[in-house]
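Asks: Could you work out the structure for the sequence below:
(one chain, ligands or ions: 1)
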Amino acid sequence: MIDNKPHQLILYFYTLDSLRARIGWIVNLRWIAVLGLLSAAPVAQIVFQFDLAFSQIYAIAAILIFLNLIYFFLYKFFPFKNFSQEFAFTEIQIIIDYVILSFLVHFTGGIGNTFFYFYIVHIIISGILFQGRLPYVNAFLAVFLLTLWSLLEHFNFVATYHLTTTPVSFKVLVVSLCAFYLLVFTTTYVITDFINLYRGLKRIIDEKSSLLEKTINDRDRIFRFTAHELKSPLTTLRSMLAVIEEVYSEKLEPEVKDMIHRAVRRTDQVLMMVKDMIDVTQYRQGISQKMIEPTDFTDWIHKIVERQRAYAEDKKIELIFDSSISDIKVPLDCTAMEKVLANLVNNAIRYTPKGGKVTVRPFVKSTVYGFVVSDTGMGICHEDMAKIFEEFYRSKTAREMEQLGTGLGLCLVKQIVETFGGKIYVESEIGKGSTFTIEMPKILPEED
Ligand code: ADP
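Replies: Next comes the predicted model:
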């Protein structure tokens, strides 16, 4: 049945993880700021001999270190559960940073010290992180704090510290503040405008990829449905042809016999394709039940390899089982992994000419286990490498060498291996052979 329900989309610009990563980034930036402050202060005091409030500056550095340690521990060990909490946590940091920065600017020369432009860092950060009015509120807060301190200093309500011997005149103060206002608000505007555009683009991309995912799912469902519907009439057709071939063989003209034989082969091929299609979609849609149990690895692999021996002998190919391990149990879904191994060994035999060699070598390491299937066959050219795992892909040489084939075997292999969190590697050289390596984790990935 095809699901026609409207697709509900909730797309966030940030995921909780990416937002947390940004918060970690702000904490790191703050460490750099503290380091900068602790290196600049002695230079200003000893080398340049500025007359500034150095003990207050060091106190501010200490407060910053203390606060940043708190932020760091909260960030690292007490992850917030939702976006609002993370945003509130960041906004609180920005407000506290502004207040601290305003004191620092005051103790290091006020408006006469161009370091007040450091407010811009948080203007940029809040423009990137927040939507709506909040970046403007933060811009206003920066403007307000700098104006307040500057006026308090200028009208001697608080002590003033100067970098230069001549204090800043009222006219210069007004010009500096105006330049600062302009810079703050244009930066906020440019950043929020750019980020809004970026958010819009990301939303379109997310919607499209979600739609694509849905289309692929629908296609897989149709695939599955069709394959299921085809399976039983094909099986009936196959058994009827087998009956005709066996029971009426004597009575048939040689041409009719040949036609029946060809029909049997074609039906077998379509039936194989239908079964593979069912398997591929089953694993892709996560429908198949995982049945993992500890299994004697060498014993299991040996049995499956032996099932292919008759085929290998028929094709005059030497089938080697090269195992140096024994009595080792691994967590295995035998049905699924049998499909993987059988497909690879079968391919290796099919695409290796008479007199060639196919070797299967199991391995077990500390965290992974797997097997290597190598052959001395026709090999895979570089352009085909990326395509062989696609559905229905069969290379030209493969089609010439072996008529029977669905182009679904490796697609199924990849699907199963990835479902169980494993990896597949291929190495190949034209005319010399191919090596497929399957590596599976001993610990399974958690279910979504
Ligand atoms: P099929 O074997 O039915 O064509 P597969 O999905 O199993 O489909 O393989 C896809 C393609 O990958 C094959 O058509 C062939 O071109 C290539 N291939 C797979 N295994 C081998 C191998 N051992 N040696 C050379 N080519 C291979």
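
Asks: Packing partners of the lengthiest helix in the chain?
Replies: The longest helix of the chain (DSSP state H) is helix 170-247. For helix 170-247, the packing partners by 3 or more CB pairs under 8 Å, 6 or more residues apart in numbering; DSSP states H and E come out as helix 119-129, helix 134-154, helix 254-284. Where C-beta positions appear, they are placed from N, C-alpha and C, glycine not excepted.

Asks: Ok, which of those comes nearest the ligand?
Replies: Minimum separation from the ligand across these (CB to the nearest ligand atom) falls at helix 254-284, 8.2 Å.

Asks: For the helix or strand that the closest one is followed by, list every residue counted as buried.
Replies: Per DSSP states H and E, the first helix or strand lying C-terminal to helix 254-284 is strand 292-296. For strand 292-296, burial by neighbour count (16 or more other CB atoms under 10 Å) applies to Thr295.

Asks: now strand 292-296, how far from the chain's geometric center?
Replies: On the basis of CA atoms, centre = their mean, to the nearest Å, strand 292-296 is displaced by 29 Å from the centre of the chain it belongs to.

Asks: Give me the mean pLDDT for it.
Replies: Mean per-residue pLDDT for strand 292-296: 89.

Asks: doesn't Ile23 make contact with Phe89?
Replies: Yes. Assessed by CB atoms under 8 Å, Phe89 is found in contact with Ile23 at 6.9 Å.

Asks: residue ranges of the helices in the stretch 1-150 of the chain, please?
Replies: Chain-ordered helices for the stretch 1-150 of the chain, with DSSP state H, counting those that start in this stretch as the definition, fall at 16-42, 54-77, 83-107, 119-129, 134-154.

Asks: Turn those into CSV, including mean pLDDT and distance to Ile278.
Replies: Shown next, in CSV, are the helices of the stretch 1-150 of the chain (pLDDT from 0 to 100; distance: least, CB to CB, whole Å):
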stretch, mean pLDDT, distance to Ile278
helix 16-42, 89, 36
helix 54-77, 94, 47
helix 83-107, 91, 41
helix 119-129, 91, 48
helix 134-154, 95, 53
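
Asks: To Leu341, which of these lies closest?
Replies: Closest approach to Leu341 among these (CB to CB): helix 16-42, 36.3 Å.

Asks: Does the closest one pack against any helices or strands, and if so which?
Replies: Judged by 3+ CB pairs under 8 Å, 6+ apart, helix 16-42 is in contact with helix 54-77, helix 83-107, helix 119-129.

Asks: Can you get me the centre-to-centre distance for the last one and its chain?
Replies: In terms of CA atoms, centre = their mean, the gap separating the centre of helix 119-129 from the centre of its chain is 28 Å.

Asks: so Gly409 touches Lys275, yeah?
Replies: No. Gly409 is beyond contact range of Lys275, at 11.0 Å (criterion: CB under 8 Å).

Asks: Settle it for me: which of the two has more neighbours?
Replies: Per other CB atoms under 10 Å, whichever of Gly409 and Lys275 has more neighbours is Gly409, with 24 against 17.

Asks: got a list of what the more buried one touches?
Replies: Gly409 makes contact with 276, 343, 346-347 under the criterion CB atoms under 8 Å, 6 or more residues apart in numbering.
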